[in-house]
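1. Fold the following for me, if possible:
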Amino acid sequence: MAGISAAVTEEGFRMQLHIVDEQDEDGDGVLAQLADDVKGIIFLCVFPIRFVRGVSRAGLPMTFFNTPVNAQEYIELGDVYNLEGFYSMNRLTTYCIEKKGCRSFAFIGFAEGSRVVQARYLGFLGACNQHSIQPDENLLFTRPSNKVYFGYSMVEEVVQRMKTVPDAIICENDDIAKYTALALLQRNPELARKTVITGFDNTIEEDFFKKDIITVDVKVEELGRRLVKSVIDRVRDPRLGIVFATLSTYPKLS
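-> Here you go, the predicted model:
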């Protein structure tokens, strides 16, 4: 939001923020609230295509951060910006194997719902395959029970269900990594200490009890600026073709 706000101000525009009601299935609520001078729309979550098509009735340039796994309909409607995840997660998993000596893995992340997370999952699987490691399918948690996101209670349930805790648990993001560490602490403090846990986004607080979570840095303010630039470019020149872009990420490996 900081990057978006700064870029919008620098370009001479203002930002109107909408928190979308889950009941607004056709985008009618958003359309009713749009100010008359709105020039473009940025989507910061993965929304159902029905909602997106409803909002597209405004006839405004649209840019999406992240998309569903099946994004064909999205990319007909506006620019799409994703974060690179395949190579970053591949490097991160390889580091766990080659430097940390990990041979058994679990994965926790909504790989079936988000293209960004799917890329991370495939990068993880690729690294395992390159090192002749076959992950236990019972330890691959790729869909939360609510089919939206992995909250703490779901991660806790996942960790408690593990018959044997693997050497490393690869998580979709830092929030899930923190939930995993806390759930392991409840199950067995020694497991929380010795299990390698990885995240993504570089948002681990300095005072968090498990300081050795491996993560990937994301230039979030730069991402915000790119999203704004995408919309404004198409506001200024509607003839521009639709863009499908992937922004670099940076594994933090010692």
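
2. Please count neighbours and contacts with C-alpha atoms only from this point.
-> OK.

3. Contacts only, for the residue of the chain most remote from its centre.
-> Centroid-distance maximum for the chain: Asp36 at 31.9 Å, with CA atoms, centre = their mean. Under the criterion of CA atoms under 8 Å, 6 or more residues apart in numbering, Asp36 has no neighbours.

4. Tell me the secondary structure at it.
-> Recorded secondary structure, Asp36: coil (DSSP: H, G, I helix; E, B strand; the rest coil).

5. repeat for Glu157
-> Under three-state DSSP, Glu157 falls in the helix class.

6. Look at it and say how many residues are nearby.
-> Close neighbours of Glu157, defined as other CA atoms under 10 Å, add up to 12.

7. where's it relative to Phe141, distance?
-> Shown here: Glu157 relative to Phe141, a distance of 11 Å by CA to CA, to the nearest Å.

8. And Val30, by the same measure?
-> 34 Å.

9. Are we agreed that Thr63 is in a strand?
-> Yes. Counting by three-state DSSP, Thr63 is located in a strand.

10. Hmm, it is touching Val80, no?
-> Yes. Taking CA atoms under 8 Å as the definition, Thr63 is a contact partner of Val80 at 5.8 Å.

11. Surely Leu77 is in contact with Met62?
-> Yes. With contact defined as CA under 8 Å, Leu77 reaches Met62; the gap is 6.9 Å.

12. Once you drop chain neighbours, what's closest to Arg14?
-> Nearest residue to Arg14 in three dimensions, chain neighbours excluded: Val8, at 5.9 Å (CA to CA, 6 or more residues apart in numbering).
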